[in-house]
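Asker: Got a predicted structure plus its sequence, pasted below:
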Amino acid sequence: MVTLAEVAQHAGVSASTVSYVLSGKRSISTTTRQRVEESIRKLGYHPNAGARALASSRSNIIALMIPLRTDMYVPVMMEIAIAVAAGARTHGYDILLLTGEEGPDAVRRVTGSGLADAMILMDVELDDERLPLLRDTHQPSVLIGLPADTEGLTCVDLDFRATGALCVEHLAQLGHRDIAVIGEAAAVYERHTGFAERTLDGLRTRARELGLRLLHRPCEGGYDAMAATLARVFDERPDTTGFVVQNEAAVEPLLALLRQQGRAVPEDVSVVAVCPEQVATQASVRLTSVAVPAQEMGRRAVEQLVAKLDGRGSDEVVLLSPELTVRASSGPAPVAP
């Protein structure tokens with residue numbers, strides 16, 4: 001096993017200099033730090049985690065709070081979590097994964113026990129009850145999501161309000177006037193989950209500005225739930241020709257039901273989705289979509305948090321701009337007979 005002294009000898013510096021590079025306790029010149037880091041890489045040195053924590057008064061652990069609810073699309077949540085874990089490791093941190101629905105109790109447990117140096121919170125609600133505790137603690141934190149009030153917080157998220165507006169604009173440009181939104185499960189809106197509420201706000205606002213009729217219906221996902229929701233949509237708005245789907249579990253059932261009803265996509269009905277790229281490209285009809293940039297969100301959250309831990313960060317909101325990719329599921333609105 002490579003020792004700290006061997007790293008110091010290889011880099012041509014003292015053992016204390018190597019220790020300062022690892023702990024960040026003293027300012028080291030860029031040239032010296034780079035030489036030490038290069039020796040660490042070449043020799044494969046791994047500092048003892050326990051000794052490093054004692055020396056720096058840090059655990060070198062980041063707590064990631066990611067409640068895994070049955071009404072949420074778990075694969076995209078885990079993709080974000082994996083990106084957070086990978087990003088944390090590049091900066092020398094490990095991840096403590098908290099998956100329960102403990103809310104403020106989990107925040108208290110982390111801040112009161114010294115389990116972690118910092119926190120990243122996911123599944124953020126507009127009036128999230130965890131936020132007062134975050135504002136009262138000195139422990140660095142970052143939200144992947146956007147609450148109603150961002151004062152005193154650092155947040156990273158896709159700009160979901162702009163995402164909703166972009167979907168409406170695309171369908172409007174194709175001549176669609178009646179648009180139905182197949183949303184997340186009702187419980188997601190009952191909790192006032194930030195991403196769902198902001199997307200819906202963007203959809204409604206832009207539709208109103210463009211003079212379009214917009215109908216929003218939550219859906220549990222799955223074939224039976226989608227069948228009931230679709231029947232209701234066409235019963236209430238029989239002239240609907242455009243769909244925006246923000247519910248990964250509803251995508252394939254919707255496409256199958258439209259086929260069964262003799263409605264061709266995109267000749268009779270256009271479908272636009274807000275979903276991971278993989279869901280859009282592997283659907284039975286390749287979907288025009290706005291991708292959820294899970295890896296970018298995770299990476300940027302870690303960067304913001306590490307900057308705070310190093311004393312360089314400040315409270316800010318980082319919104320990633322949405323990008324709409326046109327594929328086979330959207331086309332001009334059908335001409336009325």
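Answerer: That came through, no problem.
Asker: and the strand or helix carrying Leu166, what does it pack onto?
Answerer: Secondary structure assignment for Leu166, by DSSP states H and E: helix 160-173. On a contact count with 3 or more C-beta pairs under 8 Å, 6 or more residues apart in numbering; DSSP states H and E, helix 160-173 meets helix 194-210, strand 242-245, strand 270-275, strand 288-291, strand 324-325. Every C-beta, even on glycine, is put in place using the N, C-alpha and C of the backbone.
Asker: List the contacts of that helix.
Answerer: For helix 160-173, the external contacting residues (C-beta atoms under 8 Å, 6 or more residues apart in numbering) are 146, 179, 194-196, 198-207, 210, 212, 214, 242, 244, 270, 272, 274, 288, 290, 319, 321-322, 324, 326, 330.
Asker: Stretch 219-235 now?
Answerer: Taking C-beta under 8 Å, 6+ apart as the rule, stretch 219-235 contacts 71, 180, 182-186, 215, 217, 240, 247-250, 253-254, 256-258.
Asker: Quick one: name whatever helix or strand follows the helix or strand of the chain with the lowest mean pLDDT.
Answerer: Ranked by mean pLDDT, DSSP states H and E, the weakest helix or strand in the chain is helix 49-56, scoring a mean of 48. Under the assignment DSSP H and E, the closest C-terminal helix or strand after helix 49-56 is strand 61-65.
Asker: How far off centre is that next one?
Answerer: The chain centre lies 15 Å from the centre of strand 61-65; the measure is C-alpha atoms, centre = their mean, to the nearest Å.
Asker: Buried residues in whichever helix or strand comes after that strand, which are they?
Answerer: Proceeding N to C from strand 61-65, the next assigned helix or strand is helix 74-90, under DSSP H and E. Going by neighbour count (16 or more other C-beta atoms under 10 Å), the buried part of helix 74-90 is Val76, Met77, Glu79, Ile80, Ala81, Ala83, Val84, Ala85, Gly87, Ala88.
Asker: how about the CA coordinates for helix 74-90, as CSV?
Answerer: Taking C-alpha atoms only, helix 74-90 is exported to CSV below (Å, rounded to 0.1, in the frame of the first residue of the first chain):
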residue,chain,number,x,y,z
VAL,A,74,-37.8,5.8,-10.3
PRO,A,75,-35.3,5.2,-13.3
VAL,A,76,-34.8,8.9,-13.9
MET,A,77,-34.4,9.5,-10.1
MET,A,78,-31.7,6.8,-10.0
GLU,A,79,-30.0,8.2,-13.0
ILE,A,80,-29.6,11.5,-11.2
ALA,A,81,-28.4,9.7,-8.1
ILE,A,82,-25.8,7.8,-10.1
ALA,A,83,-24.6,11.1,-11.6
VAL,A,84,-24.4,12.6,-8.1
ALA,A,85,-22.4,9.6,-6.8
ALA,A,86,-20.0,9.7,-9.8
GLY,A,87,-19.5,13.4,-9.5
ALA,A,88,-18.9,13.2,-5.8
ARG,A,89,-16.2,10.6,-6.2
THR,A,90,-14.2,12.8,-8.5
